[in-house]
Every structure is written in structure tokens, then in C-alpha cells.
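Colleague: Sequence first, then the predicted structure:
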Amino acid sequence: MSDCQGIRIRTVVAAAVEEGAAPMIQAIDRAAKVLELLQGSRHLGITDLATALQLPPSTVHGIVSSLREHGLVAKERGGQRYMLGPTLLKLSSVYLDSLDVRARSMRWTQELARRTGMAVRLGAPHFAEVLVIHHALRPDDSPQMLETGAALPAHASAMGKVLLAHDLGFQRAVFAEPLPSLTGDTVTDPAALAAGLPAIAEHGYATEVDEAVLGESSLASPVADSRGDIVAAVAVVYPTADGPAPDAVLHALRDTARNISRELGATAWPPRIAPADD
């Protein structure tokens, strides 16, 4: 199971529990933690899982058996370790297909890839990360890996910076934890990142150069819904060696973000800044 498939787990599980519901249902919480431990192509045994969860092996075995009955977990052929199951892929596909912003962005992101010759990502906030909900490949027929379902660090991606600039609740969630350094160019100081966010909100785009992956840069703009709130970000991705993206690419990107926003019913663009929930 790939990292892209594994990162969808939290979306699938979170959708099963009404947001804000209390108290946490212990069985669902433990099952979700098992799935999170298995993401990233990990194969773990009952003892490994029990140690990580600090639970008795018998309890973990019961959880894993239940998940296995529903295809959420699978057992290695000829082994005693477990991995993510195929039902997660089915559920994640249903989730992606239900997203209005993704459906309405398809033709616009494909056209942006054609106009710029660059790969295009559409991302939405997911806990403290950016979930890639659509990926239009570069139109050059070169070997590429589909990134739909991948999670990107908010502090080290152009899409993440756009979301941080327009959503104070997302900003609070991201800055609540230490920001990992991914390359020598990653900014990990929340104050330094926050200082640049007003300009991003004002101009309607953000940039990132070698901050998440060496040799990769990106440029992103926000997508708004009918209420004027940010719901996603759209980005072009290109090799750092090509230098800064030309002004024509920025104009095409901003036009794409504006057009997707209009499809969603937005009457103004860029989005307004959404306050943090109390």
C-alpha cells in the first residue's frame, strides 16, 4: 500500500464520526490508530501494534480482526503481519468523487497543465496537512507518479501557505505542533512564516522553492466557495532548475483559481480570511 493511499485513512475515519461529537468513541479511536500505524506501506504484527498503542495484544488482535472482516486491514500471505486493506482504496475513491471542488476543477486544471506544460495539484486542508485531491500530470508524456491522495506539509508547500494565509483555524492547527525541517530551505519558525502570510492573502498567490523537496518548486493560488471562504488551493509544480515561473504562468494560475471559484459560486476572489473557530 502506498503513502498516497495510506494518508487517506484519516479522511475515511473522520468521515465516520460527526465533527465535534463527544465523548470520543474508544473503539473507533483505537481502530483509527491501528490504521494510521499501518500507513506508508508498513507491515506490522500484533506485538508491534500492541507496543505502539500500549494495549494488550489480545485487545489489538480483536481490533485487527474486526478491521480485517471489513477489508480495512489485510494479512500478509504466508506471514503474521498486517497491512492496509483494499476497502480503504474504495472508500477514498468515493470520498474524492463526492468533492464538489474537485469535480468542478477538472477541466480547469487540465487546461492549466496544457497552457503551462507543468503538473497541477489541487489541495484541501486536512488536519494540519494539505491533502492532494486532484493531480493533473505534465502533458509531456514523461514517466510520472499520480499524487492524488498524497499529504503535503502545510508550512513547506505553496498550497499550504495559501491555506494558512486565508484560514486562521488551519493556521492555528499547523502552528500548534513543531514544524519539521525537510530540506535546508524549509522555514520552521512559525513567526517567520506568519510574517509573510498577509502579503499572500493580498496578492492571491504563494511560492515555494526547495522547501519540501530539493529540486522542486511550486506556485499556488486560493479557491473560494459561494460564501467567499477558501476551500482549496491550486498549484503548478516545476523543477527549481528552470528558475522562477514566468509571469504568464502566474496569470494562468490566478485565472484558473478564479474560474474554479466562480464554478463554486464565488462572487469575489481572492477569498476572505476565515476566522479561527472558538
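Modeller: Now that the structure is in, tell me what you want to look at.

Colleague: If you count neighbours, what's buried in stretch 263-278?
Modeller: If you call a residue buried by 16 or more other CB atoms under 10 Å, then stretch 263-278 has these buried ones: 263-264, 266, 269-271, 273-274. C-beta coordinates here come from the backbone N, C-alpha and C atoms, glycine included.

Colleague: Go through these and name the one with the lowest pLDDT.
Modeller: Looking at these by pLDDT, the weakest one is residue 274, with 87.

Colleague: Return the set of residues that bridge with that one.
Modeller: residue 167 (DSSP bridges).

Colleague: and it, what is it in contact with?
Modeller: 166-169, 229-230 (CB atoms under 8 Å, 6 or more residues apart in numbering).

Colleague: distance of it from residue 192?
Modeller: With the distance defined as CB to CB, to the nearest Å, residue 274 ends up 22 Å from residue 192.

Colleague: Pull out the buried residues from the contacts of residue 274.
Modeller: Buried among the contacts of residue 274 by 16+ other CB under 10 Å: 166-167, 229-230.

Colleague: what's the neighbour count on residue 138?
Modeller: Residues within reach of residue 138, counting by other CB atoms under 10 Å, total 17.

Colleague: Backbone dihedrals for it, both of them.
Modeller: Residue 138 has phi and psi values of phi -60, psi 140 when expressed as degrees, to the nearest 10.

Colleague: That one and residue 114 touch, don't they?
Modeller: No: using CB atoms under 8 Å, residue 138 makes no contact with residue 114, being 10.0 Å away.

Colleague: got the buried residues for stretch 169-182?
Modeller: 170-171, 173-175, 179, 182.

Colleague: tell me the centre residue of the chain?
Modeller: Nearest to the mean C-alpha position of the chain, by CA atoms, centre = their mean, lies residue 131 at 1.1 Å.

Colleague: Please name the strands paired to the one helix or strand that one maps to in the sheet, noting orientation.
Modeller: Here residue 131 is covered by strand 129-136, with elements defined by DSSP states H and E. Note on strand 129-136: by DSSP bridges, its sheet partners are strand 119-126 (antiparallel), strand 151-153 (antiparallel).

Colleague: starting at the chain centroid, how far to the shortest one?
Modeller: Here strand 151-153 shows a centroid-to-chain-centroid distance of 5 Å under the convention CA atoms, centre = their mean, to the nearest Å.

Colleague: Provide a list of residue ranges in the stretch 151-278 of the chain with pLDDT below threshold.
Modeller: 278 (pLDDT under 70).

Colleague: can you give me the helices in it?
Modeller: Ranges of helices in the stretch 151-278 of the chain, per DSSP state H, counting those that start in this stretch, are 158-166, 168-175, 190-203, 247-263.

Colleague: TSV please, covering the ones you listed and showing distance to residue 69.
Modeller: Shown next, in TSV, are these (distance: least, CB to CB, whole Å):
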stretch	distance to residue 69
helix 158-166	37
helix 168-175	33
helix 190-203	43
helix 247-263	40
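
Colleague: Domain map for this protein?
Modeller: 3-92, 99-263 (automatic domain parsing).

Colleague: Now for residue 129: which residues touch it?
Modeller: With contact set as CB under 8 Å, 6+ apart, residue 129 has these partners: 7, 151-154, 160.

Colleague: Could you rerun that using 6 Å?
Modeller: By CB atoms under 6 Å, 6 or more residues apart in numbering, the contact list for residue 129 reads 151, 154.

Colleague: One more: residue 224?
Modeller: Applying CB under 6 Å, 6+ apart, the residues contacting residue 224 are 230, 261, 266, 269, 271.

Colleague: Number of residues surrounding residue 236?
Modeller: Using other CB under 10 Å, residue 236 has 28 neighbouring residues.

Colleague: OK, contacts around it?
Modeller: Contacts for residue 236 (CB under 6 Å, 6+ apart) come out as 116, 118, 120, 219, 253.

Colleague: quick one: it and residue 64, what's the gap?
Modeller: 42 Å.

Colleague: again with residue 220
Modeller: In terms of CB to CB, residue 220 sits 39 Å off from residue 64.

Colleague: Right, I'll call it a day here.
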